[in-house]
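>>> Here's a sequence, model it:
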Amino acid sequence: MTRKNNDLIETRGWWSRGAGLLSGMALATAMAVMPASAQDYPDKTVTLVVPYNPGGATDTIGRIVADGLAKVWDQSVVVENKPGAGSNIGAAYVAHQPADGYTLLVATDPALVLNQWVYDDLPYKASDFDPVTHLINVHSILVVPPSLGVSTLEEFVDLMKKDGSKYNYGSPGVGDGSHIGMEWFKNEAGGFEMTHIPYTGMGPTVQGMLSGDIQALIVSVVTAQQHIEAGKMIPLAVSGSVRSPMLPDVPTFAEQGYPTIRLGFSAGLLAPAGTPLEVRTKIADAAREALSDPAFREKFVDGFGYEVVSSSPDEFAEFLKTESEVARKKVELAGAKKN
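Below you'll find the model as predicted:
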């Protein structure tokens, strides 16, 4: 997908059609594939496509949601992993499935808002999807090694403004949310120099910090917690509107003077464009019920610090509209565009 200019933001995405509205052609298509009644949905297996390998955070979220939906509906819900190309393979697959609500994408920031600005040519367009529900937010944390000699965000910024060119920060790759988030923070902090070291995944990036090759990293709270407790990483600030229950003593970026910093990632469900609003609303309602289960909240809210959202399709569309514009600015600032 080639971006001609910034004005395309209002014409290229699912939000450009207005939340829940379908063109005459899309409506005709939807009626052709729509069940006899939305009340009959689902009357067969629903597939949630996770565009990453099994075992990661998105896969975990997808399987939790699949299990919850299956219980609510008393219907089979399966997870199918289609990893590759920064989630583009899985996203493209779902984009070209029937718009009947039986194949959904478990999408995170790359598919939701980032990739349309990172890649010139995508095998799908943002307008190939309709929003279903914003499931959860997973917050991240800025960490540094003890050897850096700082213990607060203010001390870190002061050091980087003085001698930042001497230091490196790492990420799982160019265009990853960790890379873009760090560049965003550097800008919001008034600008300072650090060298970006891209790795090939979060695992190697974490090892890069533990081995002393990088001096700053934005990582999920879940991934960092064990290293923080072992004294191998120093937490400086956590994203989100409130502190993480996993690290209640670590202040947020907002508490420390950076209210615009939003790191981590969001996860939600997308459906192929033209999926009836009635069906998408039924999925969103079922997801809300699934994520309100006490067992889920005990493990993933209290334990992992996930923030449950469970929005309606219209609310999710508004969220995506706002976040897409923020993502465009972050990608341009980070120089993360790929041909």
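>>> In which helix or strand does the residue lying closest to residue 334 once chain neighbours are set aside reside?
Spatial nearest neighbour of residue 334, excluding adjacent residues (CB to CB, 6 or more residues apart in numbering): residue 183 at 3.8 Å. Quick note: C-beta positions are derived from backbone N, CA and C, even for glycine. Following DSSP states H and E, the helix or strand that holds residue 183 is helix 177-188.
>>> For that helix, buried residues please.
177, 178, 179, 180, 181, 182, 183, 184, 185, 186 (16 or more other CB atoms under 10 Å).
>>> ok, of the residues you listed, which one's closest to residue 164?
Closest approach to residue 164 among the buried residues of helix 177-188 (CB to CB): residue 186, at 8.5 Å.
>>> before we move on, back to that, among the buried residues of helix 177-188, which one lies nearest to residue 296?
Out of the buried residues of helix 177-188, the member with the shortest distance to residue 296 (by CB to CB) is residue 177, at 24.0 Å.
>>> And the closest one, how close does it get to residue 113?
In this view, residue 177 and residue 113 are 10 Å apart by CB to CB, to the nearest Å.
>>> Now residue 99: closest residue in space that isn't a chain neighbour?
residue 274 (3.6 Å).
>>> picking up where we left off before, possible to save the buried residues of helix 177-188 as JSON lines with distance to residue 265 and pLDDT?
What follows is these, written out as JSON lines (distance: CB to CB, whole Å; pLDDT from 0 to 100):
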{"residue": "177", "distance to residue 265": "6", "pLDDT": "81"}
{"residue": "178", "distance to residue 265": "10", "pLDDT": "87"}
{"residue": "179", "distance to residue 265": "13", "pLDDT": "89"}
{"residue": "180", "distance to residue 265": "11", "pLDDT": "87"}
{"residue": "181", "distance to residue 265": "9", "pLDDT": "89"}
{"residue": "182", "distance to residue 265": "14", "pLDDT": "93"}
{"residue": "183", "distance to residue 265": "16", "pLDDT": "92"}
{"residue": "184", "distance to residue 265": "14", "pLDDT": "89"}
{"residue": "185", "distance to residue 265": "15", "pLDDT": "94"}
{"residue": "186", "distance to residue 265": "19", "pLDDT": "94"}
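>>> so how many other residues sit close to residue 292?
12 (other CB atoms under 10 Å).
>>> so where does residue 205 fall, helix or strand?
helix 202-210.
>>> where does that helix sit relative to the chain's centre, distance-wise?
20 Å (CA atoms, centre = their mean, to the nearest Å).
>>> what do you get for stretch 105-119?
That offset, for stretch 105-119, works out to 8 Å (CA atoms, centre = their mean).
>>> If you count neighbours, what's buried in the longest helix belonging to the chain?
Identified as the longest helix of the chain according to DSSP state H is helix 313-334. For helix 313-334, burial by neighbour count (16+ other CB under 10 Å) applies to 313-317, 319-321, 323-324, 327-328, 330-331, 334.
>>> Over to stretch 156-163?
Buried-residue list, stretch 156-163, by 16+ other CB under 10 Å: 156, 157, 159, 160.
>>> what's next to that stretch, contact-wise?
When contacts are defined by CB atoms under 8 Å, 6 or more residues apart in numbering, stretch 156-163 is touched by residues 142, 144, 148-150, 167, 186, 189-190, 192-194, 216, 236.
>>> Out of these, which sit inside helices?
residue 186.
>>> and the contacts of stretch 156-163, which are buried?
If we count by 16+ other CB under 10 Å, the contacts of stretch 156-163 have these buried: 142, 144, 148, 150, 167, 186, 189, 192, 194, 216, 236.
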